[in-house]
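S.K.: The amino acid sequence is not available; the structure is as follows:
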């Protein structure tokens, strides 16, 4: 916005003291070195144990990004049960558990169960006591990065195809409404059947 004629300047801000509010980060190269040293120390302390945890393959939210796969927070209880892993022992062998995520597709469940099965095949658990010995057929392979050893599966888009006659005749909206009403009326229908059986039993007496 400009000013015309010989008018006064409105609300002049010439003394903002901006020098005291400038943020600098001259310690960035030093922090980089310290982070690297911390990673090396963590890997040394872990010994043969991987530094990273095994992460599940999950879909990104919203219709815009749900075709992409990314690493999730943890495996669901259904996935652990299918793979034969107890939730309480999962984290002790490098498998995180997510109590909030739910499996909404059979394909996603199978992908993560396959990841757990591949992880269990290569897993070697050493006892806490050094006196006990573990029999290993092949020399134990040390893997520090689980994300590199178990990469996420690549997404293959389904090829276009013609709509079948059954799919044209099917009414998805009607199917969903029926399933919703059946789930809502389970208790009412059970009570109705129980009442009918009691009436029939009373008539026989």
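M.R.: Perfect, thanks for sending it. Everything numeric in this text was worked out from a predicted model, so none of it was measured. Numbering: from 1, shown residues only.

S.K.: What confidence value was assigned to residue 88?
M.R.: Per-residue pLDDT puts residue 88 at 93.

S.K.: any idea whether it is helix, strand or coil?
M.R.: The three-state label given to residue 88 by DSSP: H, G, I helix; E, B strand; the rest coil is helix.

S.K.: tally of neighbours for it?
M.R.: Counted with other C-beta atoms under 10 Å, residues neighbouring residue 88 total 8. Heads up, the C-betas are built off the backbone N, CA and C, glycines and all.

S.K.: ok now the helix or strand where residue 183 lies, how far from the chain's centre?
M.R.: Using DSSP states H and E, residue 183 maps to helix 172-184. Here helix 172-184 is found 29 Å from its chain centre; the criterion is C-alpha atoms, centre = their mean, to the nearest Å.

S.K.: So for it, mean pLDDT?
M.R.: Mean predicted lDDT for helix 172-184 stands at 95.

S.K.: ok, now stretch 122-133?
M.R.: pLDDT averaged over stretch 122-133 gives 74.

S.K.: can you give me how far the worst-scoring helix or strand of the chain on mean pLDDT is from the chain middle?
M.R.: Lowest on mean pLDDT, DSSP states H and E among the helices and strands of the chain sits helix 146-149, with a mean of 83. Helix 146-149 sits 16 Å away from the centroid of its parent chain (C-alpha atoms, centre = their mean).

S.K.: List the contacts of it.
M.R.: For helix 146-149, the surrounding residues in contact (C-beta atoms under 8 Å, 6 or more residues apart in numbering) are 50, 52, 53, 54, 55, 71, 94, 119, 122, 143.

S.K.: Nearest residue to the middle of this structure?
M.R.: residue 72 (2.7 Å; C-alpha atoms, centre = their mean).

S.K.: Show me the strands in the protein, by range?
M.R.: 57-59, 69-71 (DSSP state E).
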